[in-house]
Structure formats: structure tokens, C-alpha cells
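> Structure of the sequence below:
(2 chains)
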Amino acid sequence: MRIPRASKRPKPGAVLAALAAAWALAGCAAFQASPPEGFAQYPRSRVSSSPLRASSPDGILFTVRTEKNDPPADLGFWREALKNRMGHAGYRVVGDTVCPMLGSQGSLLKLAAPMGNQDYFYWIAFTLSPSGKRILVAEAAGESKRFLAREEDIRKAIANSGF
Amino acid sequence: MNAIPLFFCAALSASLPAAAQGIQQMPGIPQTPKAGTSGTPKDVAPALPAANAQPPLSPPDSAGRPPGIAITFFCVLQVEESEKAARDLIAMADSLGGWFMRRSKSDLEFRVPSARADSFIAGLARLGVMMDRNLSTESLEAERGELTSRLKARRGMLQDYYAVLKESGDSTVFTIQNEIVNLQTEIEQTAGQIQKLEDRMAYARVTVAFRFFERAAPLTTAESRFGWLNRLDLPSLMKRFPYANPKGF
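Residues are numbered from 1 along each chain as shown, chains lettered A, B, ... in the order given. Below you'll find the model as predicted:
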């Protein structure tokens, strides 16, 4: 007796679609972001949720990525938790504000810290995905004077980042 | 007297007022040094400001010091931001009629009118924590008196030499001319010394060395109970930027 084959071999397109669906179900939502003006972007993988990294000619760094909202919490919770964590780690909180992030409300924590003999600014902006499962985190850092010269471009890039 | 010595004598006479009054005309020493303005590190303050750019000065200190005192002050000031402290110090020196002589990232050197030096020194404490200080004063009056007397004597001798030069013959004229040249050099040097002394008396020298508040780098070990927060710090951000060429480079 001939044993029937369980199924046909799946098409490559179907595999990709299934992987994308699985990726989306796992919560790895795609995000929109572009580097600040005057920054060069590092190569990014084809997966739309892969981190964006960019650097200015004078060494200011900008990156956007997503994290899992685990445990699930709202923006206010993470804002407080982040402020506490960075404060305990020795960063000086320069500012703690809200900011628009692609139509949604985001939180922006401005930090300062010495790095060697230089003073660095370190900004962390984040917002929640519409489903609330992911957090988009945008970070920018660099030597304070050079950072301030590009502050407006960084602020615009943060505003244009989101889900 | 032949033609050459006469010409030489005329040249000497033309330069005599400048030499004899060298106190007012010594090169390289500002006559009214004021108003150093803010600048970048390693800037040197301008020697002569615009005459009409004088800000109103505060009244002189009532320290009760006798005249002819040179003041030198050194302190170590602990500050949080050296750039801001330097700007404030320069503004304070400007407001008191002083200026900065030398500026680097770690220290600043000022000249402040001696009459207002105490105000300036008192103002330093408002800009940071004074870790160390050393105030020294030195009376220069006696030295100036001695130099002034020497200058007066040399000028008298110079006049005598000119008188002798008119009467001298060919055999002695060169000797007298040499003496006159030597005397003029000596007068200029003495006048320069007097001017330096008077400059030291008129303007206190204040050196401020900066020391920074403890600059502890952030801890990467400060753990949070929330995993993603632990991935937020400067060192780990930098590690995410490999030494690869980004697009556009």
C-alpha cells in the first residue's frame, strides 16, 4: 500500500509570509524612523523592526529600536522607572518632558554624564505602540557642545520616529 | 667739529626726548592696560582697548594698604563647569577694570586694579569652592625710589655729556658719543624697570586654577528590575556602533 504524502512542499513566499506573521504576532512591530539631518545611517537589515543607527560627522550617535513592553505598563510608569534607573546609575537628569512621536505622545528624558574628560548629553525618548506590546526607544548621545549644535535636528528626528 | 659727528649729534638730540622720557614710551608695556574681553582658550587679552569703552567702575576697596604694594594672589577654585566659571570671572574682572592675561582650560590669569583686588578676590568665592589660596604682598616703594634717583642722575649725566660733546675736539668726540649711547641705553632700561614696578603696583596679578567636582562616570552595574531599562546607558549605546562605515561616508 502506498503511503500518501502528508502535504505539498510549501512555496517560499508562503514561508516568508508565515515568518512575517509570526514576527508580528511575537510583537516585533515595525516602526518608522529616519536619521537626523546631516547624519549618516548605518546599514540596516531588511527586517523593518531592526534598529536604526546613525552618526553625525562629529560623532553624535542616534539610534532607534523597539523593546518589549514587559511587564505591560503605561508611559508614565516607564517614565518614572527610567528616571529612577538612570539617576541611580549616576546620570544627571537635565530634563524630563513629553514629546510628540509620530502623532503619539512620547516621553523624553534628557541626561548628562561625564565620559572621560568630556561632558556628554544623552537623550532617551520612548513611546508605546498602539497595541501597547512594544516600546519604541530613540537614543541620542554625544559631547555636550556638539550635541547642542544638533539638538534641533535630533528633536525633529525623534518627532518623526514612531510606530 | 666735522660733519659726521655733527650729524650724529643731531640724531642723538632728536632721539633724546624719547630716551629721556622713556617711562612713557617703553615698547611692549601697555600704558593703560584694561578691558580684556572674553575669548577662546589660549587667547591673549588685547593690550589697548577703545578709549570710550570703559564700563563704570566700582569704588576702590578700602583695604587700607599703603601705596606701592604689589599684590599677587593664587587660588584653586573647585567649580562644576570651568567654561561658565571662566566667563563669569572674565566678566567680573571687566567690571572692575581688569582683564585676563592668559586663559587655558585649567586656569586663568588676571590683572586687576590693585585698588579693587579685594573685591575681585571676594567675588571668587561666589563662583565655586575655594580649595586653596595664597595672597602675597610686596612693597616696591623703596625699589622704585632707588630707580627713580638713578634715572634722575643718569639724565643729569646725559645733559652734561651733551654739553661736553659741543666743546669736544675730534680726538674725544667718539668716546663721548659712546658714553652717550651707553647712558641712553641705561636710562631706557631703568625707565623700563620703573614702569614694570609701577605696573605691578597698579595691577594685582590674580591666578585662578580650576579644579573640577568629582566626575564619576555612570555605573553600568546599576541594575533595574526591568530588563530593557538595563540596556539603556552610554557605554552600551556606543558598543552598538561598530567601526564600520555608515551609508554616505
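> Below-threshold pLDDT in chain B: ranges please.
Applying pLDDT under 70 to chain B picks out residues B:1-64, B:212-215, B:220-222, B:243-249.
> Packing partners of the host helix or strand of residue B:151?
Under the criterion of DSSP states H and E, residue B:151 resides in helix B:141-167. Applying 3 or more CB pairs under 8 Å, 6 or more residues apart in numbering or on different chains; DSSP states H and E, one finds that helix B:141-167 contacts helix B:3-20, helix B:173-202. In short, each C-beta sits where N, CA and C put it, glycine included.
> quick check: angle from that helix to helix B:173-202?
160 degrees (axes from the mean of the first three to the mean of the last three CA atoms, to 10 degrees).
> Residue B:117 contacts residue B:205, doesn't it?
No - using CB atoms under 8 Å, residue B:117 is not in contact with residue B:205, being 9.2 Å away.
> intersection of neighbour lists for the two?
Residues touching both residue B:117 and residue B:205 (CB atoms under 8 Å, 6 or more residues apart in numbering or on different chains): B:71, B:73.
> More neighbours: which of the two?
In this view residue B:117 and residue B:205 are compared by other CB atoms under 10 Å in any protein chain shown, and residue B:117 has more residues nearby, 28 against 19.
> what about the more buried one, distance to residue B:100?
14 Å (CB to CB, to the nearest Å).
> can you check residue A:59 too?
Distance from residue A:59 to residue B:100, by CB to CB: 31 Å.
> ok so, going back, which of the residues in the helix holding residue B:151 are buried?
Within helix B:141-167, the residues scored as buried using 16 or more other CB atoms under 10 Å in any protein chain shown are B:144, B:147, B:151, B:154-155, B:158, B:161, B:165.
> Quickly name whichever of the residues you listed is closest to residue B:131.
residue B:144 (34.9 Å; CB to CB).
> Could I get the contacting residues of the closest one?
Taking CB under 8 Å, 6+ apart, one finds B:68, B:194, B:197-198, B:201 in contact with residue B:144.
> try 7 Å this time
Going by CB atoms under 7 Å, 6 or more residues apart in numbering or on different chains, residue B:144 touches B:68, B:194, B:197.
> Then residue A:137?
A:65, A:67, A:124, A:126.
> On the three-state scheme, it is what?
strand (DSSP: H, G, I helix; E, B strand; the rest coil).
> Beta-bridge partners for it, please?
residue A:65, residue A:126 (DSSP bridges).
> ditto for residue A:142
Those that pair with residue A:142 in a beta bridge, by DSSP bridges, are residue A:121.
> How many residues are close by it?
Residue A:142, neighbours per other CB under 10 Å, totals 25.
> thought it was touching residue A:62?
No - using CB atoms under 7 Å, residue A:142 is not in contact with residue A:62, being 8.9 Å away.
> Can you pull out the low-pLDDT segments for chain A?
A:1-29, A:47-48.
> Recalculate using a threshold of 90.
Scanning chain A for pLDDT under 90 picks out A:1-30, A:43-50, A:87-95, A:103, A:112-120, A:143-145, A:148, A:163.
> can you list the residues of it near chain B?
Residues of chain A lying close to chain B by CB under 7 Å from any CB of the partner chain are A:40-43, A:53-55, A:61, A:63, A:67-68, A:70, A:81-82, A:85, A:88-91, A:113-115, A:120, A:122, A:124, A:135, A:139, A:141.
> And the buried ones among these, selectable in PyMOL?
PyMOL command restricting the residues of chain A next to chain B to the buried ones, with burial defined by 16+ other CB under 10 Å:
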select buried, chain A and resi 41+42+53+54+55+61+63+67+81+82+85+89+90+91+113+114+115+120+122+124+135+139+141
